[in-house]
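S.K.: One predicted model, sequence on top.
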Amino acid sequence: MYRVLRAPFQPVTYSRWLHLCVPILMLAVWLFIEPDAPWFPLLIVIPLGLMPWMRLAEGLQARFLLTPHDQDSSDSGISAARSVRWGDRWRTLLWVEIRLVVSFPAIFATVWLPLITIELICIALGQPINPDPIVPFTPSRWAAGLLAPLPLVLLGVIVVVLGELITAIARRLLGPSAAERMSALEARTEQLLERTRIARELHDSIGHALTVAVVQAGAARAAGDPDFTDRALSAIEETGRSALEDLERVLLVLRESSQAPSQRPTLAEADRLLESARASGSVVDAELRGSLEKLPGPVTREGYRILQEALTNVLRHCGPVPVRVRVEVTSERLILEVINPLPERPTLMSGTGSGLRGMRERAALLGGEADTGPFAGSWRVRARLPLERIG
């Protein structure tokens, strides 16, 4: 009852009312031509309903008139696409037929109920009425005055009920097919994966830069050597500039700018990571074997981030300690290994952090694996990324 009372003040009531009355235009034209066959339009729309563009036209109209409050979102539940499969065509045909049938009571109520109200008002005012009255009985003047609003209320109820009914049917018959729902799910999955990748990029690049800057600043303050302080400030500046480039690239992706983002770093730039760790006070023993420049794009980019995160963890949890780095390219795989002394509190480098989890996820996405944990009295990060699976 509350919905009926509220309906006259809602624009969607009138848009749905219009949607209910639109099919009668075709029926009216046909009845003017052949009044003895009102059922014939149900046959005429059969070839139209099977045409692929009919689903697009009906879907757009249903979105605009039946669900105008969420026509631009996926919450409307009504697809606006051409029929791709025969199942979509048959559902569209059924929708068109049902829409024609539902239009009959809608237009009947729209035309006759207001006329009944007018006739009752005439009776209440003592005005002469048509020789063929619509009201089946002639009430007294006071009764006619009391009954006059009821046809309009009944019209409102019919419009609201039929509007809700036709909207539910539209969501069922014009809703996305299984293939469209699968495509939407795949697009949503790709979007979530992209967000996860961006989050990892921010964690790895910005986290590495901040860790290096903090360690270098602390070492410079403790050393009290002007030359070391100058080198530390230069290293902080270079690391900060690199982090700003990474941040700008990620922000460009988030803003969906038409400008192409800068290239992600690769293992060919591994020397930049090693020099950054050395500038923080660590003694880095690096062994690079193989042609890093010829690695496939996904492998070299993810390998760079794994190496970056491994060195970041060393500086964050152990400080400027000796580190052994081995990067080897074989015919079958890329091997990354970072070994450093165990920290005083080994739990700080446990495998529950997001950085270590991110390394394992990066390796798993490429069909490889990453192991982290104590090894021969030290802490080791080892990643093996296959090359033959990357096209």
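M.R.: Structure received.
S.K.: how about the helices in the stretch 251-391 of the chain?
M.R.: Assigned by DSSP state H, counting those that start in this stretch, the stretch 251-391 of the chain shows helices spanning 270-279, 297-317, 354-365.
S.K.: Which residue would you name as the spatial centre of the chain?
M.R.: Centroid-nearest residue in the chain: R188, 4.7 Å away (criterion: Cα atoms, centre = their mean).
S.K.: check which helix or strand covers that one.
M.R.: helix 178-223 (DSSP states H and E).
S.K.: Quick one: mean pLDDT for that helix?
M.R.: Helix 178-223 carries an average pLDDT of 71.
S.K.: same check, this time on stretch 325-338
M.R.: Stretch 325-338 comes out at a mean pLDDT of 93.
S.K.: and what of stretch 342-358?
M.R.: Mean pLDDT, computed over stretch 342-358, is 64.
S.K.: Please apply the same query to stretch 243-254.
M.R.: Mean pLDDT, computed over stretch 243-254, is 65.
S.K.: Go ahead and confirm H208 touches L311.
M.R.: Yes. H208 lies in contact with L311 (Cβ atoms under 8 Å); the separation is 7.2 Å. All C-beta spots, glycine's among them, are computed from the backbone N, C-alpha and C.
S.K.: Could you pull out the residues contacting both of the two?
M.R.: Both H208 and L311 are in contact with 273, 276, where contact means Cβ atoms under 8 Å, 6 or more residues apart in numbering.
S.K.: check contacts around A170.
M.R.: Residues in contact with A170 (Cβ under 8 Å, 6+ apart) are 62, 66, 78, 95.
S.K.: Which members of those define the maximum pairwise distance?
M.R.: Farthest-apart pair in the contacts of A170 is L66 and W95; separation 11.7 Å (Cβ to Cβ).
S.K.: wait, is S79 part of a helix?
M.R.: No. Per DSSP: H, G, I helix; E, B strand; the rest coil, S79 lies outside any helix segment and is coil.
S.K.: Check whether the closest residue to it other than its chain neighbours sits in a helix, strand or coil.
M.R.: Distances taken as Cβ to Cβ, 6 or more residues apart in numbering place P176 nearest to S79, at 4.5 Å, with adjacent residues excluded. Per three-state DSSP, the secondary structure class of P176 is coil.
S.K.: P176: neighbouring residues, count only.
M.R.: P176 has 19 neighbouring residues, counting by other Cβ atoms under 10 Å.
S.K.: so where's the stretch 1-150 of the chain shaky on pLDDT?
M.R.: Low-confidence segments of the stretch 1-150 of the chain (pLDDT under 70): 1-4, 26-41, 71-76, 128-131.
S.K.: Give me the subset of the contacts of A170 lying in helices.
M.R.: Mapping the contacts of A170 onto helices (DSSP state H) picks out 62, 95.
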